[in-house]
Every structure is written in structure tokens, then in C-alpha cells.
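Q: with the input below, show me the fold.
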Amino acid sequence: MVFWHANITTWGPKAEGYISGLDKHVVMLCETHLTCELFQDVGRRMGTCGWDSFHQGAVLTGRSDAGTHGGQAILTRKKCHALPLDELMISS
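A: Residues are numbered from 1 along each chain as shown. This is a model prediction of the structure:
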């Protein structure tokens, strides 16, 4: 299978290890609950495992100091040579 989709409720070593070992080319994740700042470290670690990563950060809910909502990521195998698409190129 080329594609895999998951809802990651809590990002941690278990989720990261599982995804790193997948035999997929593209992985899409929703509800990472990671802000852009927190995902930077994840992106670097996944890069050492052969993945490129693209992330839309979660937003703070305001209900607690660390509570977040959303956060989506797309991980692609480095051999796929994926690049982010400029929003201005697809806006009409």
C-alpha cells in the first residue's frame, strides 16, 4: 500500500516508532495536537528515518496552558522528492 491515514491523539515515541517502520510512501496524520514549534523536533527526527514532513500546526484552545486543537501532517518518503506547494500558485 502506498498511502496510510491516522488520527494521532497523543504524539510520542510509540507513534513515532510505529510510523517510522511503516512500509508506505505517504502518511497523512490528523489531530497531531502539535504546534508548529513542537513539530519542528518531530520533523527532524522523522527526517533521520527517511521521511520528509509537511505540517499545519495545532492551535491553542485557551482551555488550558497546553491544550491544542487540530494539527495535520503529511509525511512522504524522501525518495518521493515531495515539495510543498505555494498557496499563491493554487489560489484563484
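
Q: how about low-confidence regions in this protein?
A: Across the chain, residues meeting the criterion (pLDDT under 70) sit at 1-6, 64, 66, 86-92.

Q: and the strands in it?
A: With DSSP state E, the ranges of strands along the chain come out as 3-7, 26-30, 51-56, 59-60, 68-69, 72-77.

Q: please identify the most buried of the ones you listed.
A: Of all the strands of the chain, strand 72-77 has the most neighbours on average by mean count of other Cβ atoms under 10 Å, namely a mean of 20. Using the backbone N, CA and C atoms, a C-beta is placed for each residue, glycine as well.

Q: packing partners for that one?
A: strand 26-30, strand 51-56 (3 or more Cβ pairs under 8 Å, 6 or more residues apart in numbering; DSSP states H and E).

Q: hang on, the earlier thing: Tyr18 is nearest to which of the strands of the chain?
A: strand 3-7 (8.9 Å; Cβ to Cβ).

Q: beta partners of the most centrally placed residue in the chain?
A: The chain has Ala73 as the residue nearest its centroid, 2.6 Å off, counting by Cα atoms, centre = their mean. Assessed by DSSP bridges, Ala73 has beta-bridge partners Leu29, His55.

Q: please tell me how far it sits from Phe39.
A: According to Cβ to Cβ, to the nearest Å, Ala73 stands 7 Å off from Phe39.

Q: give me the common contacts of these two.
A: With contacts defined as Cβ atoms under 8 Å, 6 or more residues apart in numbering, the residues shared by Ala73 and Phe39 are Thr32, Ser53, His55.

Q: return the member of those residues nearest to Leu22.
A: Nearest to Leu22 out of the shared contacts of Ala73 and Phe39 is Ser53 (Cβ to Cβ; 13.6 Å).

Q: where's that closest one relative to Asp65, distance?
A: Distance from Ser53 to Asp65, by Cβ to Cβ: 26 Å.

Q: can you give me the neighbour number for Ala15?
A: The number of residues packed around Ala15, counting by other Cβ atoms under 10 Å, is 16.

Q: list the residues that contact the residue nearest to it when sequence neighbours are not counted.
A: Using Cβ to Cβ, 6 or more residues apart in numbering and skipping residues adjacent in sequence, the residue nearest Ala15 is Ile8, 5.2 Å away. Neighbour list for Ile8: Ala15, Leu29, Cys30, Glu31, Thr32, His33 [criterion: Cβ under 8 Å, 6+ apart].
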